[in-house]
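J.: structure, please.
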Amino acid sequence: MSRILIVTNHSYMLYRFRLELIQKLMKTNEVILSMPFVGHEEDFQALGLRCIQTDVDRRGINPKTDFRLFLTYRKLLKELKPDLVITYSIKPNIYGGLACRLARIPYCANVQGLGTAFQKKGLAQFVTVLYRLALGKANTVFFENQPNAAEFCRRRILRAEKETVLPGAGIHLERYPYHPYPDNDAVRFLYLGRFMKEKGMDELLHAIRRLRKEVGSRVILDLVGFYDDEYYKSQLEALVAEGTAVYHGFQTDPIPYYAAADCVVLPSYHEGMSNVLLEAAAIGRPIITSDIPGCREAVDAEETGFLCPARDADGLYLQMRRMAELPRERRQAMGTAAREKMVREFDRRKVVSAAVAALGLKEPAISK
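T.: So this is what the prediction gives:
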């Protein structure tokens with residue numbers, strides 16, 4: 001039995017999207033988790049997992065804080081002596097990867113989108129150097145879309161043979177079953193996620209205001225999530241006050257909101273693989289999203305939803321107007337096709353099996 005250490009920056013996200021992988025690994029391995037405790041750590045412990053609380057500053061670069069994190073990982077490796085380390089997100093990838101490389105412990109990393117680190121020239125150069133040092137000896141590096149993997153090759157961070165591209169974490173089809181298409185009086189657009197600039201909030205606000213001005217109460221924007229940027233609070237409150245939007249707060253169970261929507265909108269600037277889009281499509285809802293890596297893969301354009309350029313408020317408005325003007329039967333058919341696409345391409349069971357194979361681990365034997 002091998003000892004596997006999984007290192008991440010968010011216990012809640014690990015539980016939501018990697019639980020099935022962890023459960024499969026537990027069948028033939030000892031699995032230990034290192035992460036900040038921000039939700040579901042007790043659920044992990046109830047499964048018999050050892051969980052080590054490890055603080056990770058998810059925002060910005062502070063040399064002192066980051067060096068302490070590196071030393072923490074070095075100490076963990078020395079104490080635990082794992083046979084394999086799996087890392088998720090940028091800081092565990094970099095500082096956990098560096099610690100594994102120095103300790104000569106096999107490791108695999110998961111790049112869940114490029115984020116803002118590659119958007120600013122100076123920061124991108126710095127992060128590129130860190131990634132080269134950290135991932136140079138990795139067994140494999142998982143990516144959630146092909147363009148992100150190609151970017152690492154272009155920057156000479158990795159050789160192509162060390163890259164494994166999977167469709168994100170996939171989607172748990174039983175947990176997100178198809179729901180009958182709603183028969184709403186108004187076309188309800190749903191935005192679900194963090195309220196922040198990089199998710200396309202400026203463009204969404206422009207589009208819904210313009211659309212509402214032209215068609216009135218025939219369209220409504222439902223908002224589910226939390227304020228990652230307080231700048232948008234007053235703007236969204238104004239939309240709610242005038243009846244253009246309905247704010248539902250943060251919800252641990254998004255399914256009822258997907259089910260009530262006519263269309264889900266995500267005008268993001270960058271994604272690894274958008275779980276919101278996969279969940280919405282699995283429920284059976286058409287999508288409007290940015291034509292970028294991590295979003296476009298979830299859509300068969302014109303068949304299961306519409307694509308628009310990122311950072312293009314007028315382009316987003318035009319696609320939202322198109323969707324609002326479609327007959328209900330056409331939107332319903334797009335949602336049905338979206339569900340079929342998820343079954344065909346994003347079944348989490350297939351993704352987990354592919355991940356285990358890429359890790360170089362054997363699938364647990366099926367008992368007779």
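J.: the stretch 201-350 of the chain: helices as residue ranges?
T.: Assigned by DSSP state H, counting those that start in this stretch, the stretch 201-350 of the chain shows helices spanning 201-215, 233-241, 255-260, 275-283, 313-325, 328-345, 348-358.
J.: now do the second one against helix 201-215, angle only.
T.: So that's helix 233-241. 20 degrees (axes from the mean of the first three to the mean of the last three Cα atoms, to 10 degrees).
J.: can you pull out the low-pLDDT segments for the chain?
T.: Applying pLDDT under 70 to the chain picks out residues 60, 116-117, 120, 362-368.
J.: cutoff 80 now
T.: 58-62, 113-123, 228-229, 362-368 (pLDDT under 80).
J.: so where do the strands sit in it?
T.: Along the chain, the segments classed as strands by DSSP state E run 2-7, 29-35, 50-53, 84-88, 107-111, 140-143, 163-165, 187-195, 219-227, 245-247, 263-266, 287-290, 305-308.
J.: need those in CSV (columns: mean neighbour count and distance to residue 355).
T.: In short, each C-beta sits where N, CA and C put it, glycine included. Listed next are those as CSV, based on neighbours: other Cβ atoms under 10 Å; distance: least, Cβ to Cβ, whole Å:
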stretch, mean neighbour count, distance to residue 355
strand 2-7, 22, 12
strand 29-35, 22, 13
strand 50-53, 15, 21
strand 84-88, 26, 9
strand 107-111, 26, 9
strand 140-143, 24, 7
strand 163-165, 18, 8
strand 187-195, 21, 25
strand 219-227, 19, 28
strand 245-247, 18, 37
strand 263-266, 26, 25
strand 287-290, 27, 25
strand 305-308, 24, 27
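J.: let's have these in JSON lines, adding distance to residue 74.
T.: As requested, these are exported to JSON lines (distance: least, Cβ to Cβ, whole Å):
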{"stretch": "strand 2-7", "distance to residue 74": "12"}
{"stretch": "strand 29-35", "distance to residue 74": "12"}
{"stretch": "strand 50-53", "distance to residue 74": "14"}
{"stretch": "strand 84-88", "distance to residue 74": "12"}
{"stretch": "strand 107-111", "distance to residue 74": "13"}
{"stretch": "strand 140-143", "distance to residue 74": "21"}
{"stretch": "strand 163-165", "distance to residue 74": "26"}
{"stretch": "strand 187-195", "distance to residue 74": "32"}
{"stretch": "strand 219-227", "distance to residue 74": "34"}
{"stretch": "strand 245-247", "distance to residue 74": "45"}
{"stretch": "strand 263-266", "distance to residue 74": "39"}
{"stretch": "strand 287-290", "distance to residue 74": "39"}
{"stretch": "strand 305-308", "distance to residue 74": "44"}
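J.: ok, which of the ones you listed comes nearest residue 327?
T.: Residue 327 lies closest, by Cβ to Cβ, to one member of these: strand 187-195, at 11.1 Å.
J.: buried stuff in stretch 149-157?
T.: For stretch 149-157, a neighbour-count test (16 or more other Cβ atoms under 10 Å) marks 149, 151-152, 155, 157 as buried.
J.: off-centre distance for that stretch?
T.: Chain-centre distance of stretch 149-157: 20 Å, with Cα atoms, centre = their mean, to the nearest Å.
J.: contacting residues around the nearest residue to residue 192 once chain neighbours are set aside?
T.: Distances taken as Cβ to Cβ, 6 or more residues apart in numbering put residue 224 closest to residue 192, at 4.4 Å, once the chain neighbours are dropped. Taking Cβ atoms under 8 Å, 6 or more residues apart in numbering, we find residue 224 in contact with 190-193, 248-251, 254, 257.
J.: do you know how far residue 140 is from residue 84?
T.: Noted for residue 140: a distance of 11 Å to residue 84, by Cβ to Cβ, to the nearest Å.
J.: anything in contact with each of the two?
T.: By Cβ under 8 Å, 6+ apart, residue 140 and residue 84 have these common neighbours: 108, 359.
J.: would you mind putting the helices of the stretch 201-350 of the chain into TSV with distance to residue 121 and mean neighbour count alongside?
T.: Compiled in TSV, the helices of the stretch 201-350 of the chain are given as follows (distance: least, Cβ to Cβ, whole Å; neighbours: other Cβ atoms under 10 Å):
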stretch	distance to residue 121	mean neighbour count
helix 201-215	22	19
helix 233-241	30	14
helix 255-260	38	17
helix 275-283	29	27
helix 313-325	25	18
helix 328-345	35	18
helix 348-358	32	17
